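Chemist: need a 3D model of the following:
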Amino acid sequence: MNGNFLKPVALSTCFLFISLFANLNGKWKGVLNTPNGLIPVVYNFKINGDTLTGTAQSQQGSVNIDSGKVEGNNFSFDVTVDGTVYPHFGKVYDDSCSLNVDFGYDTVHTTLIRDTTR
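Modeler: Model prediction:
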């Protein structure tokens, strides 16, 4: 009986983790409120296992996401702009992502919303 109970629980847990990773895939938009003003940003996330890749875009251009990791509903990655590395730390929810960007002198928080436009 215990074996029959554990199999569905294990299977459900696997689907839960897969769905969390899948929810992060895609295009997300937000605005960073920095001391230098508001910066609209777009992140294109791609998940492969526990690895996060993709791009980050702003009015200054597009950069690759480096050192990306996903652990449960938490994720982290770096972007490098003009030789400076900016660590990002976030958490994915059903309909949004909470994201903190470390600028070295300050940490900026934003909420990303999935971009459903084509």
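
Chemist: check which residues of whichever strand or helix holds residue 100 are buried.
Modeler: Following DSSP states H and E, the helix or strand that holds residue 100 is strand 96-102. Residues 97-99, 101 are the ones in strand 96-102 that count as buried (16 or more other Cβ atoms under 10 Å). For glycine as for every other residue, the C-beta is placed from the backbone atoms N, C-alpha and C.

Chemist: repeat for stretch 30-42
Modeler: Buried positions in stretch 30-42, judged by neighbour count with 16+ other Cβ under 10 Å: 30, 32, 39, 41.

Chemist: go on, stretch 51-59?
Modeler: Neighbour-count burial for stretch 51-59 flags 52, 54-57 (criterion: 16+ other Cβ under 10 Å).

Chemist: try stretch 74-88
Modeler: Buried residues in stretch 74-88 (16+ other Cβ under 10 Å): 75, 77-79, 86, 88.

Chemist: tell me where the protein has strands.
Modeler: Assignment of strands within the chain using DSSP state E yields the ranges 26-34, 37-48, 51-58, 61-71, 74-81, 84-92, 96-102, 107-114.

Chemist: looking at the buried residues of strand 96-102, which one is closest to residue 66?
Modeler: Of all the buried residues of strand 96-102, residue 101 has the smallest distance to residue 66: 14.0 Å, by Cβ to Cβ.

Chemist: state the pLDDT value of the closest one.
Modeler: Model confidence at residue 101, expressed as pLDDT, equals 95.

Chemist: and what of residue 117?
Modeler: Here the pLDDT value assigned to residue 117 is 83.

Chemist: how near is it to residue 32?
Modeler: According to Cβ to Cβ, to the nearest Å, residue 117 stands 20 Å off from residue 32.

Chemist: shaky segments in this structure?
Modeler: For the chain, applying pLDDT under 70 flags the ranges 1-22, 118.

Chemist: hang on, residue 111 packs against residue 97?
Modeler: Yes: taking Cβ atoms under 8 Å as the definition, residue 111 is a contact partner of residue 97 at 7.0 Å.
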